[in-house]
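> model the following, please.
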Amino acid sequence: MKRALVTGATGFIGGRLVHALVRDGWTIHCLCRPESDIRSLDPQAIVLRAQAQPDEIAEVMREAKPDIVFHLASLYLSDHEAADVDRLISSNVLFTALLAEAMTASGVVRLVNTGTAWQRFGVEDARDYNPVNLYAATKQAASDVLRYYHDARKLSLVTLELFDTYGRGDPRRKIVQLLVDAARSGDTLGLSPGEQMIDLTHVDDVIDAFLLAGRRLFNDNGRPRNERFLLSGERTSLRDLAILVGDTLGRPINVEFGARPYRPREVMEPVVAGTEDRLPHWHPQRSLVSCLPELAGNG
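Alright, predicted model coming up:
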């Protein structure tokens, strides 16, 4: 039976990944902060609590003895203030470095890491880097840290860079669920002018990608990988998304476009993933149209 350690397991995607791994027969340990709410975690997962301290993370690694680590823990802030800088760097860069240090010190060499498409703001070539915000910059810094552990400590890693995601039970209140809720309630939803394009992937397709990335690391023929892929799904403008949700659910949505301004550095055109940027053998299986009734509680 394979063993995995998951960070970020109390998050929406991390929790779904834990469920999938347990279902597939893995022994799962979850690295959680002492204050984390673990009530939604799969009951078969083993929780190991630790602060972001070298000795505590090293002890978790020795106890879990994972064959692979799935690293989804992250602090996401679309905008930040001065008081947030330390938290962003500590959560996204320092913690990643401590995790890689503990892994390689314990002989754990397989890591599936999580990045963001926001590391590629306004670029034409998806291999180029330009962060849309400080959060994206810290995710790139974490990738640079992991590159060192790959080169110097033979860490084998795959980084999956995510666009927007959605799925039933998502507590993050993202745009798809906001539109579904507006369709159900009839309330008016105030949005930006709505011309920006959005790239959406269902959470179960994202989980498929994480599992596939993990299998790649077990089939590296002894040559450590350092790969990154963009998980691109369906694309639509925000305006068209609102129409699609309303039409699919049979409930036109009262949207006031322009009620809010665009965010500073709004991503109007997400980066386009080329062939070499796509995870081999991964193809999203769920369409937005087919999943909307489920999000509305009708599926």
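
> I'd like the next helix or strand past the helix or strand harbouring residue 256.
Element membership for residue 256, per DSSP states H and E: strand 255-257. Toward the C-terminus, strand 255-257 is succeeded by helix 288-295 as the next helix or strand (DSSP H and E).

> which residues touch residue 158?
111, 112, 113, 213, 214, 216, 217, 225, 227, 228, 229 (CB atoms under 8 Å, 6 or more residues apart in numbering). For glycine as for every other residue, the C-beta is placed from the backbone atoms N, C-alpha and C.

> what are the phi and psi values at residue 217?
With angles defined as degrees, to the nearest 10, residue 217 sits at phi -70, psi -20.

> isn't it up against residue 223?
No - Residue 217 lies out of contact with residue 223 (CB atoms under 8 Å); the separation is 11.0 Å.

> more neighbours: which of these two?
residue 217 (20 against 7; other CB atoms under 10 Å).

> list the contacts for the residue nearest to the more buried one when sequence neighbours are not counted?
Closest residue in space to residue 217, ignoring its immediate chain neighbours: residue 110 at 4.1 Å, by CB to CB, 6 or more residues apart in numbering. Going by CB under 8 Å, 6+ apart, residue 110 touches 67, 68, 69, 156, 157, 214, 217, 218.

> could you do residue 141 as well?
So residue 141 contacts 89, 92, 93 (CB under 8 Å, 6+ apart).

> buried residues in the longest helix that the chain contains?
In the chain, assigned by DSSP state H, the helix with the most residues is helix 134-153. Buried residues in helix 134-153, counted by 16 or more other CB atoms under 10 Å: 134-143, 145-146, 149-150.

> ditto for stretch 114-132
Buried residues in stretch 114-132 (16+ other CB under 10 Å): 114, 115, 116, 117, 118, 119, 120, 121, 126, 131, 132.

> now stretch 249-262
For stretch 249-262, by 16+ other CB under 10 Å, it's 249, 251, 253, 255.

> can I get the buried residues of stretch 114-132 in JSON lines including pLDDT?
What follows is these, written out as JSON lines (pLDDT from 0 to 100):
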{"residue": "114", "pLDDT": "98"}
{"residue": "115", "pLDDT": "98"}
{"residue": "116", "pLDDT": "98"}
{"residue": "117", "pLDDT": "97"}
{"residue": "118", "pLDDT": "96"}
{"residue": "119", "pLDDT": "97"}
{"residue": "120", "pLDDT": "97"}
{"residue": "121", "pLDDT": "97"}
{"residue": "126", "pLDDT": "96"}
{"residue": "131", "pLDDT": "97"}
{"residue": "132", "pLDDT": "97"}
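
> I'd like the residues you listed written out as TSV, with secondary structure and distance to residue 245 added.
Below are the buried residues of stretch 114-132 laid out as TSV (DSSP: H, G, I helix; E, B strand; the rest coil; distance: CB to CB, whole Å):
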residue	secondary structure	distance to residue 245
114	strand	27
115	strand	28
116	strand	24
117	helix	22
118	helix	24
119	helix	28
120	strand	27
121	coil	26
126	coil	28
131	coil	30
132	coil	25
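
> now residue 29, what's its secondary structure?
strand (DSSP: H, G, I helix; E, B strand; the rest coil).

> thinking again about what came up before, now do the residue nearest to residue 217 against residue 178, distance only.
37 Å (CB to CB, to the nearest Å).

> what does residue 96 give?
31 Å.

> the two: which is more packed in?
Between residue 96 and residue 178, residue 96 has the larger neighbour count (other CB under 10 Å), namely 27 against 15.

> what sits closest to the more buried one if chain neighbours are left out?
residue 142 (4.1 Å).

> including distance to residue 85 and pLDDT, could the buried residues of helix 134-153 go into JSON lines?
Below are those laid out as JSON lines (distance: CB to CB, whole Å; pLDDT from 0 to 100):
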{"residue": "134", "distance to residue 85": "7", "pLDDT": "98"}
{"residue": "135", "distance to residue 85": "11", "pLDDT": "97"}
{"residue": "136", "distance to residue 85": "14", "pLDDT": "98"}
{"residue": "137", "distance to residue 85": "11", "pLDDT": "98"}
{"residue": "138", "distance to residue 85": "9", "pLDDT": "98"}
{"residue": "139", "distance to residue 85": "15", "pLDDT": "98"}
{"residue": "140", "distance to residue 85": "15", "pLDDT": "98"}
{"residue": "141", "distance to residue 85": "12", "pLDDT": "98"}
{"residue": "142", "distance to residue 85": "15", "pLDDT": "98"}
{"residue": "143", "distance to residue 85": "19", "pLDDT": "97"}
{"residue": "145", "distance to residue 85": "17", "pLDDT": "98"}
{"residue": "146", "distance to residue 85": "21", "pLDDT": "98"}
{"residue": "149", "distance to residue 85": "24", "pLDDT": "98"}
{"residue": "150", "distance to residue 85": "27", "pLDDT": "98"}
